Each structure stands twice: as structure tokens, then as C-alpha cells.
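Peer 1: Sequence and predicted model, in that order:
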Amino acid sequence: MFIYYLQHVSVVNGGSDMGLMKCCREQVVAVSPDTPVVDVARIMKEKNVGSVIVVSGDRRPLGILTDRDLVIRVLAREKNPQAVRTEEVMTRDVITFPDSMGIYEAIQKMTDKGIRRMPVVDGAGILIGIVTMDDMIHMLGEEMALIAKNIEKQSPPIPIPV
């Protein structure tokens, strides 16, 4: 069993400011497939996250385990969380996004698949981050605030009635 908190240091190449890496969290909680789910629950609490990425020894994503998975696949089925291993209840065949993907394409794919969390991998398929719908909404909100600020700067002042 291994558990680690991955922090990938990226070198952002030139290109679109709206690339996926702009809103990607590079700190990812990752666990091995043999981690007991009781340990995963403790890690989620400690790190204040709702999911962990399940990775192989070479940091390739194998699956994802969410807090909802723990409730539905372990607690609701009255399984012993100390005896159940992550690989038994994780979502397999996790879809990953390449770090070169644009944010709008990522939003479309996440919407099409009905998912809120997506591991981000480099060209070799190694986990380098995670992106969530919440992260994208936050980033897009900041972009909209900048646009509004620019519009406000360039607009004539609104007269104040006396």
C-alpha cells in the first residue's frame, strides 16, 4: 500500500490562456489499489477532498474513488471498510484528459460523460493533476469579473441623480 500527495511542478508552454492547466489542481491525493477504504476515508477527511485517484506504481491512473462511492458501494452494502480494498469499489476505466486540452473541450466532454472530476495526464499518461467542474466554474467566474472590470473602465460614468 502507498498513499501520497502528488504535487507536480509543471512548465506551462506558450499557448492559449484558456488551456486546461489554468484551472487544473496540481496537488492530487492518490492511493494505490490495495489501500483499505477506511484509510481512504481518513485521507479524504484530512486533505478535505471528495475523491482520490487510484494509481499504479508508475503514477498512471487506474481509477477514481469518490466519497459517494464509499457511501453507496461500501456503507450502503454494509461491507467492512477495514476489509474492503480500494480496487474493489473504485470506478475503473477512468477517463483522463491530456494536459494540452483546452478548457472548453474539457467542459464539453465532462458534460457529455456526466462527470465532475477528471484526472489530467501528461503525454506519457502520468498523473499530473485533477480538474473539477467547481474549479472550472471558479476560473470562468474570475475571467468574467476581468471582462466586467474592463467594460466598466471603458464605459462613461453613470450620472447620479440629485
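Peer 2: Yep, it's here.
Peer 1: ranges for the helices of the protein?
Peer 2: 37-47, 67-70, 86-89, 103-113, 133-154 (DSSP state H).
Peer 1: any idea of the angle the last one forms with helix 103-113?
Peer 2: Spelled out, it's helix 133-154. What separates the directions of helix 133-154 and helix 103-113 is an angle of 140 degrees, with axes from the mean of the first three to the mean of the last three Cα atoms, to 10 degrees.
Peer 1: Kindly report the same for the first one.
Peer 2: Taking the same axes, to 10 degrees, one finds helix 37-47 and helix 103-113 inclined to each other by 140 degrees.
Peer 1: Mean pLDDT for the helices of the chain - can I get that in TSV?
Peer 2: Output for the helices of the chain, formatted as TSV (pLDDT from 0 to 100):
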stretch	mean pLDDT
helix 37-47	95
helix 67-70	96
helix 86-89	97
helix 103-113	90
helix 133-154	85
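Peer 1: could I get those as JSON lines with mean neighbour count?
Peer 2: C-beta: built from backbone N, CA, C; applies to glycine. Below are those laid out as JSON lines (neighbours: other Cβ atoms under 10 Å):
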{"stretch": "helix 37-47", "mean neighbour count": "17"}
{"stretch": "helix 67-70", "mean neighbour count": "17"}
{"stretch": "helix 86-89", "mean neighbour count": "18"}
{"stretch": "helix 103-113", "mean neighbour count": "14"}
{"stretch": "helix 133-154", "mean neighbour count": "12"}
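Peer 1: Minimum distance to L20: which of these has it?
Peer 2: Closest to L20 of the helices of the chain, according to Cβ to Cβ: helix 103-113, at 5.2 Å.
Peer 1: Show me what that closest one is packed against.
Peer 2: Other helices and strands packing on helix 103-113, by 3 or more Cβ pairs under 8 Å, 6 or more residues apart in numbering; DSSP states H and E, are strand 117-121, helix 133-154.
Peer 1: pLDDT of the first one, averaged?
Peer 2: Throughout strand 117-121, pLDDT has a mean value of 92.
Peer 1: Pull up the pairing partners for it, direction included.
Peer 2: strand 97-98 (parallel), strand 127-132 (antiparallel) (DSSP bridges).
Peer 1: what's the closest of those strands to K149?
Peer 2: strand 127-132 (25.3 Å).
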